[in-house]
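Participant: just to be clear, the model below is a prediction. Sequence and coordinates:
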Amino acid sequence: MSAIPPVTLEHIRRVPKVLLHDHLDGSLRPETVAELADATGYRGLPTTDVGELGRWFREAADSGSLVSYLETFAHTCGVMQTEDALVRVAAECAEDLADDGVVYAEVRYAPELFVERGLTLDAVVEAVQEGFAQGERRAAERGKFIRTGTLLCAMRQHARAQEIAEIAVRYRDTGVVGFDIAGPEAGFPPTRNLDAFEYLRTNNAHFTIHAGEAFGLASIWEAIQHCGAERLGHGVRIVDDIKSDPDGTAHLGPLASYVRDRRIPLEICPSSNVQTGAAASIADHPIGLLARLHFRVTVNTDNRLMSGCTVSSEFAALADAFGYGWADLQWFTINAMKSAFLDFDLRLALINNVIKPGYAPLLA
Ligand SMILES: O=c1[nH]cnc2c1ncn2[C@@H]1O[C@H](CO)[C@@H](O)[C@H]1O
Ligand SMILES: [Zn+2]
């Protein structure tokens with residue numbers, strides 16, 4: 001019998017993982033940002049030195065506020081205005097995730113941010129899907145399995161949610177698995193987009209909503225009870241509805257109970273929350289409490305470029321902070337797979353044929 005390996009980054013990279021919340025325009029390789037700026041004539045980068053550029057994104061995003069964090073996306077979106085650029089970024093995204101041991105990923109982006117040079121929204125979606133297909137193929141050629149789906153975001157501060165929802169439904173059979181709203185939360189409640197959410201529900205389409213990140217319970221409540229969100233992007237502020245006694249006994253308010261009882265998945269992104277000020281540090285992150293109370297917690301990257309992270313590094317940071325072992329990491333992974341916007345039979349197959357066998361030798 002070989003000894004069970006310790007929960008280190010190196011070993012975490014080898015076990016199957018599932019990612020539900022990752023932004024395509026927040027996860028480019030720094031060298032790709034620099035090369036695409038050169039190729040497409042984008043002149044706005046703060047530096048063209050690749051090492052400095054990676055550092056710049058992490059530091060600029062380390063701002064303590066969601067609004068200044070989001071300013072960094074001007075540069076990634078700036079270099080993603082052509083079909084070739086979108087294909088490349090999506091293909092590299094699939095490959096990078098596969099190399100990190102991610103077996104299923106839902107990657108999101110807002111098509112409306114890539115039309116500055118004349119691409120149509122449909123052309124954007126088709127280029128991104130082509131890129132993911134290429135990336136999955138290239139990963140498979142290297143012996144790495146990954147399946148991807150995309151989520152189309154509408155930006156809260158624009159008024160295009162209905163249009164984007166219609167595109168999400170139209171492309172549902174070609175890899176678009178759902179819809180989301182992203183962007184600044186304060187001042188832009190999800191109920192501004194009620195028509196779009198009603199349209200999606202009428203068409204039996206899936207959606208998640210960024211809520212409970214920079215703004216509190218009201219945003220979560222609206223997302224679930226008015227809009228009908230199936231999952232919550234972040235949702236960490238649900239802890240505002242939980243009171244803890246000095247001995248650790250927790251008392252859940254009605255919204256927290258509803259979220260837990262209905263098993264509403266929380267797409268938690270620990271490093272991103274520290275950067276935007278939604279959590280003071282990884283060790284202080286509400287994920288510790290939420291996992292202990294058995295909320296449907298999933299672990300995500302949000303923006304790998306801005307946070308300099310991967311799913312594996314997020315797992316490793318949580319294992320360090322909270323002492324999580326392989327059983328906990330499997331629990332996060334199965335939670336995520338159960339919560340995916342993918343057909344039930346495919347979710348079950350990935351759980352039984354890929355995830356459980358991947359962790360089994362570590363749980364003996
Ligand atoms: O954590 C976040 N909260 C809200 N919006 C975000 C977050 N991360 C990225 N984006 C926004 O989503 C857009 C589409 O991918 C990005 O351009 C960025 O503006
Ligand atoms: Zn996000």
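Facilitator: Everything's here; your move. Ligands and ions are numbered 1, 2, ... in the order given.
Participant: and for the helix or strand bottoming out on mean pLDDT in the chain, what's in contact with it?
Facilitator: Across the helices and strands of the chain, mean pLDDT, DSSP states H and E gives its lowest value to helix 66-71, namely a mean of 92. Applying CB atoms under 8 Å, 6 or more residues apart in numbering, the external contacts of helix 66-71 come out as 60-61, 63, 183-186, 213-214, 272, 275-278, 306. In this view, the C-beta of every residue, glycine as well, is placed from N, C-alpha and C.
Participant: can you say which of those are buried?
Facilitator: 60-61, 63, 183-185, 213-214, 272, 275-278, 306 (16 or more other CB atoms under 10 Å).
Participant: mark which of those residues are part of strands, please.
Facilitator: The subset of the buried ones among the contacts of helix 66-71 located in strands under the criterion DSSP state E is empty.
Participant: so of the residues you listed, which ones are in helices?
Facilitator: 60, 61, 272, 275, 276, 306 (DSSP state H).
Participant: low-confidence ranges, the stretch 51-200 of the chain, go.
Facilitator: Across the stretch 51-200 of the chain, no stretch falls below the confidence threshold (pLDDT under 70).
Participant: swap the cut-off to 90 and go again
Facilitator: 63, 185-187, 189-190 (pLDDT under 90).
Participant: helices of that one, start to end?
Facilitator: 66-71, 73-78, 83-99, 121-141, 161-170, 194-202 (DSSP state H, counting those that start in this stretch).
Participant: tell me the most buried of those?
Facilitator: helix 83-99 (a mean of 22; mean count of other CB atoms under 10 Å).
Participant: that one vs helix 121-141, what angle?
Facilitator: Interaxial angle, helix 83-99 versus helix 121-141 (axes from the mean of the first three to the mean of the last three CA atoms, to 10 degrees): 40 degrees.
Participant: can you narrow the contacts of helix 66-71 to ones near ligand 1?
Facilitator: Taking CB under 6 Å from any ligand atom as the test, ligand 1 is in contact with 183, 213, 272 out of the contacts of helix 66-71.
Participant: for beta bridges, what are the partners of the residue in the stretch 151-300 of the chain that ligand 1 sits nearest to?
Facilitator: Using CB to the nearest ligand atom, the closest approach of the stretch 151-300 of the chain to ligand 1 is made by residue 182 at 3.3 Å. With DSSP bridges applied, residue 182 shows beta-bridge pairing to residue 155.
Participant: that one and residue 109, how far apart?
Facilitator: 9 Å (CB to CB, to the nearest Å).
Participant: looking at the two, which one has more neighbours?
Facilitator: residue 109 (29 against 25; other CB atoms under 10 Å).
Participant: show me where the protein has strands.
Facilitator: Using DSSP E, strands in the chain cover 17-23, 102-109, 147-155, 176-182, 208-211, 231-234, 242-244, 250-252, 266-268, 297-299.
Participant: about what we covered before: does ligand 1 sit close to the least confident helix or strand of the chain?
Facilitator: Yes. Helix 66-71 is in contact with ligand 1 by CB under 6 Å from any ligand atom, via 66, 70.
Participant: what about residue 188, how many neighbours?
Facilitator: 18.
Participant: could I get the strands of the chain as a markdown table with distance to residue 284?
Facilitator: Formatted as a markdown table, the strands of the chain follow (distance: least, CB to CB, whole Å):
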| stretch | distance to residue 284 |
| --- | --- |
| strand 17-23 | 20 |
| strand 102-109 | 27 |
| strand 147-155 | 28 |
| strand 176-182 | 25 |
| strand 208-211 | 21 |
| strand 231-234 | 15 |
| strand 242-244 | 13 |
| strand 250-252 | 16 |
| strand 266-268 | 14 |
| strand 297-299 | 16 |
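Participant: quick one: closest of these to residue 328.
Facilitator: strand 297-299 (9.9 Å; CB to CB).
Participant: list, one by one, the residues from the stretch 251-364 of the chain near ligand 1.
Facilitator: Neighbours of ligand 1 within the stretch 251-364 of the chain, by CB under 6 Å from any ligand atom: 272, 302, 303.
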